[in-house]
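> next come a sequence and a model predicted from it.
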Amino acid sequence: MKILVLNGPNLNLLGIREPEIYGKVSLEEIEKYLTDFAENHGVEIIFYQKNGEGELIDLIHRYYREIDGILINPGAYTHYSIALRDALLAVGKPAVEVHLSNLYKREEFRQHSVTAGACIGYIAGFGVDSYRLGLIALIDYLKRREK
Ligand code: DQA
């Protein structure tokens, strides 16, 4: 089983960026944690962070044939990228959206996700643990589907 993990804009600055909201753990640490976790479950992970909307879309186009699912934190694109939503719908791979922060506790403009509707589900508000929980949910979903 292979999962594409995508991170959107400014998530390369995790650990430095607004730590009171996003925590002190870096994206490299998240990547290492998820890779180890996935390996222990016999899952391979392809991990990327891109600031550009088109770059994220290009990665979905590049990898969809060889992956089983997508774990994505679209960052601010969550709230307005219809193009990213369309890319997820176009390739038809099960995707799980994750957010470090609880969007419903935040500014009103963050309280709507245009991308989550293209996903099987989403997890938000658990900090870096949102990634682990999202990955478990996706792996479980894919395993159930295999049966
Ligand atoms: C975020 C929430 C978004 O609103 C924000 O633009 C981010 C991070 C999160 O993980 O909580 O970049 O996706």
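Structure's in. What do you need? Numbering: from 1, shown residues only.
> centre of the chain to the helix or strand of the chain with the lowest mean pLDDT, how far?
Lowest mean confidence among the helices and strands of the chain (mean pLDDT, DSSP states H and E): helix 19-22, at a mean of 94. Relative to its parent chain, helix 19-22 has a centroid offset of 18 Å by CA atoms, centre = their mean, to the nearest Å.
> ok, then the element right after it?
helix 27-40 (DSSP states H and E).
> wait, does the lengthiest helix in the chain make contact with the ligand?
When the chain is scanned for its longest helix (criterion: DSSP state H), the result is helix 129-146. No. Using CB under 6 Å from any ligand atom, helix 129-146 stays clear of the ligand, coming no nearer than 7.2 Å. Backbone N, C-alpha and C define where each C-beta goes, glycine included.
> show me what that helix is packed up against.
In this structure, helix 129-146 packs against strand 2-7, helix 27-40, strand 69-73, strand 95-99, strand 121-124, with contacts taken as 3 or more CB pairs under 8 Å, 6 or more residues apart in numbering; DSSP states H and E.
> if we use 6 Å, what do you get?
With contacts defined as 3 or more CB pairs under 6 Å, 6 or more residues apart in numbering; DSSP states H and E, helix 129-146 has these neighbours: strand 69-73, strand 95-99, strand 121-124.
> can you list contacts of it?
Helix 129-146 is contacted from outside by 1, 30, 34, 41, 43, 68-69, 71, 94, 96, 98, 100, 123, using CB atoms under 6 Å, 6 or more residues apart in numbering.
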